[in-house]
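S.K.: generate coordinates for the sequence data below:
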Amino acid sequence: QVQLVESGGGLVQPGGSLRLSCAASGWTLEYYAIGWFRQAPGKEREGVSCISSSDGATSYADSVKGRFTISRDIAKNTVYLQMDSLKPEDTAVYYCAIDTNYYCSGYVSYWGQGIQVTVSS
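M.R.: Predicted coordinates:
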């Protein structure tokens, strides 16, 4: 059974940093891409970042480029999202998700339960 468990969320002031982790079980990072999505109140869920399984290629939404960094530790079967220079508009529930392909297609087969990130002074 595939499980994705996010951790590392919380409350941070504008300009601060957080690192989200997504620990996977029942599945390995070597076979499918994995990404981070977020959903703010009253808004649709949007893709934030993704890392492919084959070559570790990464992609980012324009709104987070230069501020967020996705990475993975295959030995720990864990994906990370380092979030720097956080803004109030980054406030959302963040989800990690397994792609249906080895590359970042944006189609998801499994979702994590989500974790709250709040950026506020």
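S.K.: how near is the closest residue to G10 other than its chain neighbours to Q3?
M.R.: Nearest residue to G10, sequence neighbours excluded (CB to CB, 6 or more residues apart in numbering): L18, at 6.6 Å. The C-beta positions use only the backbone N, C-alpha and C, and glycine is treated the same way. Using CB to CB, to the nearest Å, we find L18 at a distance of 22 Å from Q3.
S.K.: out of those two, which sits in the more crowded spot?
M.R.: L18 (20 against 12; other CB atoms under 10 Å).
S.K.: who's in contact with the spatially most central residue of the chain?
M.R.: Central residue of the chain (CA atoms, centre = their mean): W36, 2.5 Å from the mean position. Residues counted as contacts of W36 (CB atoms under 8 Å, 6 or more residues apart in numbering) are 20, 22, 47-50, 70, 79, 81, 94-97.
S.K.: sheet partners, orientation included, of the helix or strand that contains it?
M.R.: Taking DSSP states H and E as the criterion, W36 maps to strand 34-39. Applying DSSP bridges, strand 34-39 is found paired with strand 46-51 (antiparallel), strand 92-99 (antiparallel).
S.K.: give me the neighbour count for the residue nearest to A40 when sequence neighbours are not counted.
M.R.: Nearest residue to A40, sequence neighbours excluded (CB to CB, 6+ apart): A92, at 4.2 Å. Residues near A92, counting by other CB under 10 Å, number 22.
S.K.: and G112, how many neighbours?
M.R.: 22.
S.K.: could you do D62 as well?
M.R.: Neighbourhood size, D62 [other CB under 10 Å]: 6.
S.K.: look at it and tell me its secondary structure.
M.R.: Of the three states, D62 takes coil under DSSP: H, G, I helix; E, B strand; the rest coil.
S.K.: next one: it from I51, what distance?
M.R.: Noted for D62: a distance of 17 Å to I51, by CB to CB.
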